[in-house]
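Novice: model this:
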Amino acid sequence: MDQYRCISAQQAAELIENGAAVVDIRDAQSYFALHISDALNLSNDNLHDFIAEADFERPLIVCCYHGISSQSAAGFLAHQGFEEVYSLDGGFEGWRLAFPDRCCR
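Specialist: This is a model prediction of the structure:
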C-alpha cells in the first residue's frame, strides 16, 4: 500500500489503545522536551534500522510539529511497505492540546 490517512488526535488515541505504534519525526531536542507517551523519535540516523526491525502489519502513526511534515513521512513509510499508516492532523501540538496527560519527557 502506498497510501496513508490523516487522522485526528482522538482517532490516534483509539489506535494507540489498540496497539498502534507512534513515530515522532520532530528534531531530537523537541522530542526529548516532550512527546507522545511511548513514541519513538525517528530521524535519518535511525530510519534504516527502524524499517529493518519493523512490524509492517502494526498500524503506524506519524507525528511532527503541526501535521504537515508527517504527511510526507507517512507517504514514504507507506511506500516502504507498512500496511496501515496515518499522519496525525495537528501534529504534536494538536495532541498536546487534546491529551496533555498523555505526553512525557
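Novice: Which of the helices or strands spans residue 71?
Specialist: Per DSSP states H and E, residue 71 falls inside helix 69-79.
Novice: Show residues contacting that helix.
Specialist: With contact meaning C-beta atoms under 8 Å, 6 or more residues apart in numbering, helix 69-79 is reached by 1-4, 6, 23, 25, 42, 51, 60, 62-64, 85-88, 91. Just so you know, the C-beta spots here come from the backbone N, C-alpha and C atoms, and that holds for glycine as well.
Novice: Quick one: low-confidence residue ranges for this protein.
Specialist: Within the chain, the segments meeting pLDDT under 70 span 1-2.
Novice: so where do the strands sit in it?
Specialist: Along the chain, counting by DSSP state E, strands occupy 5-7, 21-24, 35-36, 40-41, 60-63, 85-88, 103-104.
Novice: got these as JSON lines, with mean neighbour count columns?
Specialist: As requested, these are exported to JSON lines (neighbours: other C-beta atoms under 10 Å):
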{"stretch": "strand 5-7", "mean neighbour count": "15"}
{"stretch": "strand 21-24", "mean neighbour count": "22"}
{"stretch": "strand 35-36", "mean neighbour count": "22"}
{"stretch": "strand 40-41", "mean neighbour count": "16"}
{"stretch": "strand 60-63", "mean neighbour count": "27"}
{"stretch": "strand 85-88", "mean neighbour count": "26"}
{"stretch": "strand 103-104", "mean neighbour count": "12"}
